[in-house]
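Colleague: I'd like to go over a predicted model; first the sequence, then the structure.
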Amino acid sequence: MSLFPTVRPNSIKTSFRPPGEEEVLRAEGLSKTYHQGANSVQALRGIDLILYRGDVIAVTGPSGSGKSTLLNTLGLLDIPDKGALALDGIQVDFHDTGGKEHLRSRCLGFIFQNFNLMCVLSAVENVELPLFLYPIGRKERRERAAEMLISVGLGDRLNHRPPELSAGQQQRVAVARALVARPALVLADEPTANLDSQSAFGLLDLMHSLNAGLGTSFLFSTHDQRLVDRVCTVMKLQDGRLS
Amino acid sequence: MVKWLGFAWRNVLRNTRRSLMACAIVASGTVALLLSIGFVLATFMGLREVTIHSDVGHIQIAAPGGFDCATKGNAFLKPEDIEAVKRFVEGLSGVRFVMSRLLFEGLASNGETTVAVIGRGVDPGREMRMSTMFAPIEAGLPLPASMQAGERPALLGSNLTQRLSVRPGDMVTVLAAMSGGGINAVDLDVYGTYRTGTPERDERNVMMPLEIAQQLLGVDGVSRVVFVLNRTETTETTSDALRSEFPDLDVRTWRMMAPFYERVVTLYKNIFTVMCTIIVLVVLLSVGNTMLMTVLERIREVGTMGAIGFSASRMRIGFALEGAIIGILGGLAGLALAFTASVIVTALGIEMPPPPGRTTAYPLVILVSGPAYGAVLLLMVFCGVACAWLPAYHAVRKPIVEALGHD
C-alpha cells in the first residue's frame, strides 16, 4: 500500500502507456545527507516517487538542489541514508553489491553528461558493452548493437570510434548503449549539457521516439528551460524535496 | 575471455609509447634474469664436469676407512676386491671405464732439499681418457701411457719443482712408509711439471705410474677404484647398484667428495637470489608505475563500467589481462634478446679470470635452458598481472559516483 503521494500530475499527458500501467520504480522516503567536516548538507529529504512504464520525466531544479543525488540513488550508484526502493517490482537491498549490479544490468540504462564512451572501442562495440553481461552469442550481440545504432541514426557510423564522432553523435551512441539491453528505465543526468541546441533537441526527440517505440521509461535531470518546455512531465526538486 | 582479451589488447595499444616503455622494462628484466641464470647454470655445469673429469671421477670405491686415511695398511682395496668390482662393472650399462689409484704421503728430496709430498700412483692412459685436461703439462713431457722396462717417470706439481729446484730431466728421490712399517725409497726421473688448478696442490703433488707407487709402498692393492660414466645423470643409480653389490666397501659419488662444489653452488644461489629479487623489484616498481598511471587515467571508465553493471572482479580481471599482455610481450622480447645474447657471448669464447682458489681461466658460457626461459616468462606475466591488480583493486573499490566524477 502506498504510503505517500505520487508525483504524477494528472493534467500532464505522458507519451506512452501500455495497458496495466506497470510500475517501473517505486521510491519511499529516500533521504541522503552529505557530511563534510562539521557541516552537513541534506541532499534528499524523504523523496517519494513512482514511475510507470513509458514515463518520460524531467527533473529540474537549481544547481545543488539534489538532482544528481536523486538520479544516483535511483540508479543504485549511491546509497541513501533512509528509505526504500523497488525496481521493476524487485525490492532493492542497497548493501547487496551483486544484487545491485544485476539490477543495473537488467533494469537500468545510464546516459551521462560527458557521454563516458570507451575511446578504444568503436561505436558498435561501445553499444555492445551492456550485452556482455547477457548470455548471448557474439553474432546476436553485434546485430542488436548495430540495430540500436541504426535506430538512433548512426547506421553509417558503426565502426567509428568516439573521437571520430561529433558530440551529438557521441551522445546518440550513449543513448544506444543505454537502451540496447532493453532496460525498463533510463536515467540521464544532464544529458544535453554538453550539446548545442540542435543536438539537444535532437536527443530529446530521439528519447521520445524510443520511448514510443520500446516503451522504455526515461528520467532525466536538466536545468535547460528549452528542454523542459518540450517534456510532458516535469518534477521540480528544491532543497531535496520534490514538488 | 576472448572478448576481454581483445578489449585489454586495445587498451594496451591506447598509449603505445607508455606500453612500449613497460614492455621494454619487462624485456630488460627478462634479459638480465636469463643471462644471470644462464651464466650460473653454465658455471654449475662447468664446475661439475671439471670437478668430475679433472680428478674425482663420477664414483669412487675404497676399502672401509680408505677415504679418511688412504695410506693405512688395511685401507687398501685387495686385488680380489678390484677384480670383483671390474667383473660387476662389465654388466653395468653407462660405465665408460674404471681405473685404480694409489695415494700416499711421503718425502721428496733432491739430495739437498726435502719436501713433504702427496704421492699418487695412476694409470696414465685411463686418466687421460677421463680428461684431456689430465695433468696439464707446464714443462717437459707427460707420463707415458705404457712404461718401458727400467723407466721411472714422474710428474711434479709446478710449484714443487721450484721448491726442489729441479727441472724436467733431473732426478728426485721419493720416500714413503711401507704398509709393513718400514721406509722405502725410489729414484724417479722428472718427466715434466704440471698444474693441478690449485696452488696448494701444485706445491705438494707427485704423480707416477701405479706400478711404481705399488712397489714403493710394497702393496699389490690400490687406494681407490675410480668410475667414469657416460652420463653424469646416472651417477646416483650406478652408485646405488654398487652399494647394494658391495656393502662392505665404501662407495662415494663425486658430490660427496667435492664439498667445494656444494659450497660454490650455495654461494652462487644466494648471490643469484639477491640479484633476482632486485631485478624483479625493479620490474615490479617500473611496470607498477605504468599500470598505476593507466588505471588512474581510466577511473571514469571504471565508474561507467560499474554503472552498466560490471562487477568489480570483472573489471579487475580486465586490468590484469592488460598487465599479462605487457608481461607476455615484454617477456617474449626479452627471451629472444637473451637467447641471441647467450649464443653470441658463448660463440665469442670470452675468457674469464680464474676463480678464487684456482689457477686456470675458463671460457664464458651462457647456457640456454628451456625450463628457465619458461619460468622467467611466467614470472614476468605474474609481475605484469600483479602490477595491474593492485591499482585496479583500489580503483574498482572507489564508489561509482566518485569514479564517474573523476577527472
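Modeller: Perfect, I can see it now. Numbering: from 1, shown residues only, chains lettered A, B, ... in the order given.
Colleague: now the strands for chain A?
Modeller: Taking DSSP state E as the criterion, chain A carries its strands at A:23-36, A:39-52, A:56-60, A:82-87, A:90-91, A:108-111, A:185-189, A:217-221, A:233-238, A:241-242.
Colleague: now those as TSV including distance to chain B, mean pLDDT and mean neighbour count?
Modeller: Where you see a C-beta, it was placed from the backbone N, CA and C, and this is true even at glycine. As requested, the strands of chain A are exported to TSV (distance: least, CB to the nearest CB, whole Å; pLDDT from 0 to 100; neighbours: other CB atoms under 10 Å in any protein chain shown):
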stretch	distance to chain B	mean pLDDT	mean neighbour count
strand A:23-36	11	91	18
strand A:39-52	12	90	19
strand A:56-60	17	91	23
strand A:82-87	12	93	18
strand A:90-91	14	91	12
strand A:108-111	5	94	26
strand A:185-189	9	92	24
strand A:217-221	14	91	25
strand A:233-238	17	89	17
strand A:241-242	20	86	19
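Colleague: Just want the residue of the stretch 1-150 of chain B that's nearest chain A.
Modeller: Here the stretch 1-150 of chain B gets closest to chain A at one residue, B:R10, 4.0 Å apart by CB to the nearest CB.
Colleague: For the stretch 301-407 of chain B, which residue gets nearest to chain A?
Modeller: Using CB to the nearest CB, B:G309 is the residue of the stretch 301-407 of chain B that sits closest to chain A, at 2.8 Å.
Colleague: Double-check that residue against A:T97; I have them as touching.
Modeller: No: contact criterion CB atoms under 8 Å: B:G309 and A:T97 do not qualify, at 11.0 Å.
Colleague: out of those two, which sits in the busier spot?
Modeller: Per other CB atoms under 10 Å in any protein chain shown, whichever of B:G309 and A:T97 has more neighbours is B:G309, with 24 against 13.
Colleague: Return the distance of the most centrally placed residue in chain A relative to A:N72.
Modeller: Against the mean C-alpha coordinate of chain A, by CA atoms, centre = their mean, the closest residue is A:L187 at 0.9 Å. Distance of A:L187 to A:N72, given as CB to CB, to the nearest Å: 9 Å.
Colleague: Show me what the worst-scoring helix or strand of chain A on mean pLDDT is packed up against.
Modeller: Least confident helix or strand, chain A: helix A:225-228 with a mean of 78, by mean pLDDT, DSSP states H and E. When contacts are defined as 3 or more CB pairs under 8 Å, 6 or more residues apart in numbering or on different chains; DSSP states H and E, helix A:225-228 packs onto strand A:56-60, helix A:197-214.
Colleague: Could you dump these into TSV with distance to B:A375 added?
Modeller: Below are the helices and strands packed on helix A:225-228 laid out as TSV (distance: least, CB to CB, whole Å):
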stretch	distance to B:A375
strand A:56-60	59
helix A:197-214	55
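Colleague: Which of the ones you listed comes out lowest on mean pLDDT?
Modeller: Lowest mean pLDDT within those: helix A:197-214, at a mean of 81.
Colleague: Now do the buried residues in it.
Modeller: A:199-200, A:202-204, A:206-208, A:210-211, A:214 (16 or more other CB atoms under 10 Å in any protein chain shown).
Colleague: Keep those, but drop any that are not near chain B.
Modeller: Checked against chain B using CB under 8 Å from any CB of the partner chain, these give no members in range.
Colleague: Where does chain A get nearest to chain B, residue-wise?
Modeller: Counting by CB to the nearest CB, chain A gets nearest chain B through A:S105, at 2.8 Å.
Colleague: which non-adjacent residue is nearest that residue?
Modeller: B:G309 (2.8 Å; CB to CB, 6 or more residues apart in numbering or on different chains).
Colleague: Let me see the contact set for the one you found.
Modeller: A:101-106, A:108, A:130, A:133 (CB atoms under 8 Å, 6 or more residues apart in numbering or on different chains).
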